[in-house]
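Engineer: Below: sequence and its predicted model.
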Amino acid sequence: MGEKARTEFRKLTPDDAEIVAELDFKCFGANDACNSKYFFKSAQDERKEFWVCEHDGKIIACAGAEINSDTAEIESLAVDPEYRRQGIATILLIKLINAIKKRGATFIILEVRPSNKAAIELYKGFGFQIVEREKDYYLDEDAWIMAREFLDGQDYFQTYDA
Ligand SMILES: CC(C)(COP(=O)(O)OP(=O)(O)OC[C@H]1O[C@@H](n2cnc3c(N)ncnc32)[C@H](O)[C@@H]1OP(=O)(O)O)[C@@H](O)C(=O)NCCC(=O)NCCS
């Protein structure tokens, strides 16, 4: 019998930057992907909280946010196409949101392409609502701003807060 597959959720490190940039390119393409310099700097930036999912030693997902006092902005979320619809983004977002809440921010915002139904459904499942349209945010499309306030006592994510 083979060994059991290992899936781990952990913080992004500067050493992950190249591989996470490749993953981002695979998920977003040339126009929207962030480069390795961005991930290298994000891993060391005090204002940022970045997490990855590693499966059998391979990084298959990444999510990150920048926190400024009570507000956090989710800047990045990508799951390798081969591992989608298995709840990876859900767990990663739970980890990220719990970390954001621990750092004292309660209001979370993000931008999403209106054509990105998968992401919009995912965020709606977390209680995010569309609050605004930002014109020409992307090269070829407007953005929807989605937001949610996480108030004290809402322990919706306790189960995954290992
Ligand atoms: C959006 C994305 C992160 C979702 O990752 P994932 O690991 O497949 O998501 P999960 O398995 O945790 O899905 C959770 C829920 O999100 C919604 N969802 C996810 N993918 C969906 C799809 N293709 N169509 C419709 N709803 C979808 C569903 O409600 C799903 O719950 P269900 O599987 O019980 O129906 C992934 O598709 C991705 O990396 N896309 C490209 C990058 C991107 O768009 N990032 C977000 C930028 S704002």
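Structural biologist: On my side now, so go ahead. Residues are numbered from 1 along each chain as shown.
Engineer: now the helices for the protein?
Structural biologist: Assigned by DSSP state H, the chain shows helices spanning 17-32, 36-42, 88-102, 117-125.
Engineer: Centre of the chain to the last one, how far?
Structural biologist: Offset of helix 117-125 from its chain centre (C-alpha atoms, centre = their mean, to the nearest Å): 12 Å.
Engineer: Same question for stretch 97-115.
Structural biologist: On C-alpha atoms, centre = their mean, the centre of stretch 97-115 falls 9 Å from the chain's centre.
Engineer: Quick one: end-to-end distance for that stretch.
Structural biologist: 24 Å (C-alpha to C-alpha, to the nearest Å).
Engineer: Okay, buried residues for stretch 74-84 please.
Structural biologist: I74, E75, S76, L77, A78, V79, D80, Y83 (16 or more other C-beta atoms under 10 Å). In this view, the C-beta of every residue, glycine as well, is placed from N, C-alpha and C.
Engineer: between the residues you listed, which is closest to R133?
Structural biologist: I74 (17.5 Å; C-beta to C-beta).
Engineer: Name the nearest residue to the closest one, sequence neighbours excluded.
Structural biologist: L110 (3.9 Å; C-beta to C-beta, 6 or more residues apart in numbering).
Engineer: Might one say that the one you found is in contact with F128?
Structural biologist: Yes. If you go by C-beta atoms under 8 Å, L110 and F128 touch, sitting 7.1 Å apart.
Engineer: so where's this protein shaky on pLDDT?
Structural biologist: 1-2, 153-162 (pLDDT under 70).
Engineer: And the ligand, is the lengthiest strand in it touching that?
Structural biologist: Longest strand in the chain by number of residues (criterion: DSSP state E): strand 58-68. No. Strand 58-68 stays clear of the ligand (C-beta under 6 Å from any ligand atom), getting no nearer than 6.7 Å.
Engineer: Many thanks, we can stop here.
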